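**Q** Sequence first, then the predicted structure, then my questions.
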Amino acid sequence: MADRRRSTTAQLLFIAWPPLCAIGCAGAAAPAQPPAAQPSPVAIVVAPLPVASAQPAVALPDECAELSNPDVVAKLDLSRHGVDARRQAGIRAAIGASAELQRMAASIDADLRTACSRILMDLGGSPPEGSTANPVCSAAAKAIGDFKAKAGGSFTLTIRPPSCSGSMQEMADCAGKCDLQPNQGLTEVRCEGGELSGECAGQCAGICALTVGSECNGACDGACDGTFTGSCSGTCNGKCDGKQSRGECLGKCEGRCEGTGSGACQGACRGQCRLGSAATCKGQCSGMCTVALKAPRCSGMIQPPGLPKECTAWCGARVVRLTECTLAQVKIKASGVADPTPAQRLIAALNAHLPLVLKISIGIKDRALRASFDAAEVTTRAHSTLAPGASSCVLTALQKGQDAANQIRESLNASVNVMASASASSR
């Protein structure tokens, strides 16, 4: 069996779906998303990392600490912690899910605390010391409402949502390490409810997401560093509907768009490039690629059908923790304000720091919520099956997973509250 595991490959069957709808907030208008090319389902083969035939004990100074390290969980010999051999595989997977969830909770909390602290400080407040993100975000949401009340009038928030994707390779690698895996041969991993993307060494027909400014042989949705023709939601320096402009343009902009635009760009495009025909893509290609995609990623749910619940929870939490997102783009407009000073401060603060909040409240919320419920379920089940001889380290590790699940849900609620406060037209 061990020899078979060393040579195992994971067959990844990708099911491509239409792009996710643009997500707006209450009181906010989300711009329509460009249509994507509709590729046929693609099947490729990805090999997981080799798995050793034995599970050697890992000697660390703190035996409890090793149970919170997701990078060593797969190699742990839990007999040192009082777990009998027949239960080790299930308990190990549950501890892996717990360890991944703890790091995910810490990462989400750190991002939220950073964003909410900066919003609060830009609005003249001071974040509480030594606390989680939740009270900081509550204070930030209140400050947003207070500034809207001071300014008077109404506010409109427009959002171009973040684009997030998880690694198919991470799921394949993790599934290959889970001892409960019943099929030691091929494992099918699917991308469901989202788009498949990856590095295209050939020609890409569809959408090319550019991480840095690159030439776009199509329509640029984002910032254009060059001559631009199209709609511009920022400042148009050139002609707006045929007339000279150095400000906001509600029509067709010809010139340079400082902000977010959608149109032809003769220069470097920072954002998404909609390719009218097959072309080279110096970024992530979503659509058809003339050769097999490398490092495939999925913007929906990555599903490994047939895996036991413990493996799905463990590997799912890992993929979500390592999910990569582009930042959202926001535009806040104030109208009919009585005092422009607080309005300007609020708009500047939200333009600068709200995108990081939206990464959580829109980008990873559903993925993180699902991962938290799955991990909480398997850690609770594992806790109930432990024999009396299990060490306190194991009990603590499983409990930490449940605590992390609760913290993630609280953080997600906090991010949604800040987004709602920013979206409200007035206090």
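**A** Received it, and whenever you're ready, just let me know what you need. Numbering: from 1, shown residues only.

**Q** least trustworthy helix or strand in the protein by mean pLDDT?
**A** strand 10-14 (a mean of 31; mean pLDDT, DSSP states H and E).

**Q** tell me the domain ranges of the chain?
**A** Domain assignment for the chain by automatic domain parsing gives 2-52+68-200+287-423, 212-282.

**Q** Wasn't Gly267 part of a strand?
**A** Yes - the assignment for Gly267 (DSSP: H, G, I helix; E, B strand; the rest coil) places it in a strand.

**Q** Pretty sure it sits against Thr229.
**A** No - assessed by C-beta atoms under 8 Å, Gly267 is found out of contact with Thr229, at 11.4 Å. For glycine as for every other residue, the C-beta is placed from the backbone atoms N, C-alpha and C.

**Q** Neighbour count for those two, which is higher?
**A** Thr229 (19 against 15; other C-beta atoms under 10 Å).

**Q** Who is that one paired with across the strands?
**A** Glu254, Ala264 (DSSP bridges).

**Q** From Arg256, how far off is it?
**A** Separation of Thr229 from Arg256 (C-beta to C-beta, to the nearest Å): 11 Å.

**Q** can you check Pro355 too?
**A** Distance from Pro355 to Arg256, by C-beta to C-beta: 22 Å.

**Q** Grab the nearest non-local neighbour of Ser117.
**A** Pro127 (4.2 Å; C-beta to C-beta, 6 or more residues apart in numbering).

**Q** what's that neighbour in contact with, if anything?
**A** 113, 116-117, 120-121, 136, 139 (C-beta atoms under 8 Å, 6 or more residues apart in numbering).

**Q** sec struct for it, please.
**A** Taking three-state DSSP, the label given to Pro127 is coil.

**Q** still on that earlier bit, of the contacts of Pro127, just say which sits nearest to Val319.
**A** Closest approach between the contacts of Pro127 and Val319, by C-beta to C-beta: Arg113, at 23.7 Å.

**Q** With adjacent residues omitted, what lies nearest to the closest one?
**A** Ala133 (3.9 Å).

**Q** what does Val337 give?
**A** Gly153 (3.7 Å).

**Q** what does Gln102 give?
**A** Here the residue nearest Gln102, using C-beta to C-beta, 6+ apart, is Ala404, at 4.6 Å.

**Q** Now the residue nearest to Ser117. Its backbone dihedrals?
**A** phi -70, psi 140 (degrees, to the nearest 10).

**Q** pLDDT value on it, please?
**A** At Pro127, the model reports a pLDDT of 91.

**Q** cool, Arg5 as well?
**A** For Arg5, pLDDT reads 33.

**Q** quick one: the helices in the chain?
**A** For the chain, applying DSSP state H gives helices covering 2-6, 85-122, 133-151, 168-177, 309-321, 340-358, 365-385, 392-423.

**Q** Dump the ones you listed to TSV, plus distance to Lys243 and mean neighbour count.
**A** Putting the helices of the chain into TSV (distance: least, C-beta to C-beta, whole Å; neighbours: other C-beta atoms under 10 Å) gives the following:
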stretch	distance to Lys243	mean neighbour count
helix 2-6	69	11
helix 85-122	35	22
helix 133-151	30	21
helix 168-177	49	23
helix 309-321	49	26
helix 340-358	26	20
helix 365-385	43	20
helix 392-423	33	21
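
**Q** what's the closest of those helices to Glu215?
**A** helix 340-358 (25.2 Å).

**Q** what's next to that closest one, contact-wise?
**A** 111-112, 114-116, 118-119, 122-123, 137, 144, 147-148, 150-151, 153, 155, 157, 159, 161-162, 327-332, 334, 337, 415, 418-419, 422.

**Q** Any stretches of the stretch 151-300 of the chain with poor pLDDT?
**A** Counting by pLDDT under 70, the ranges of the stretch 151-300 of the chain that qualify are 181-187, 211-214, 217, 233-234, 245-247, 250-251, 258-261, 276-277.

**Q** one more time with 50
**A** Within the stretch 151-300 of the chain, the stretches with pLDDT under 50 are 185-186.

**Q** And the stretch 1-150 of the chain, by the same measure?
**A** In the stretch 1-150 of the chain, residues with pLDDT under 50: 1-61.

**Q** just to revisit the earlier point, just list the residues touching the residue nearest to Arg113, thanks.
**A** 108-110, 112-113, 116, 411, 414.

**Q** doesn't Lys150 make contact with Asp339?
**A** Yes - Asp339 lies in contact with Lys150 (C-beta under 8 Å); the separation is 6.0 Å.

**Q** circling back to that earlier point, can I get the helices of the chain in CSV including distance to Glu199?
**A** CSV is the format used below for those (distance: least, C-beta to C-beta, whole Å):
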stretch, distance to Glu199
helix 2-6, 27
helix 85-122, 25
helix 133-151, 34
helix 168-177, 12
helix 309-321, 18
helix 340-358, 25
helix 365-385, 22
helix 392-423, 31
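
**Q** who wins for proximity to Cys298 among those helices?
**A** The nearest among the helices of the chain, by C-beta to C-beta, is helix 168-177 at 5.9 Å.

**Q** Quick one: distance of that closest one to the chain centre.
**A** Put simply, helix 168-177 sits 18 Å off its chain's centre (C-alpha atoms, centre = their mean, to the nearest Å).

**Q** list the helices and strands that helix packs on?
**A** Judged by 3 or more C-beta pairs under 8 Å, 6 or more residues apart in numbering; DSSP states H and E, helix 168-177 is in contact with strand 10-14, strand 42-46, strand 189-192, strand 294-298, helix 309-321.
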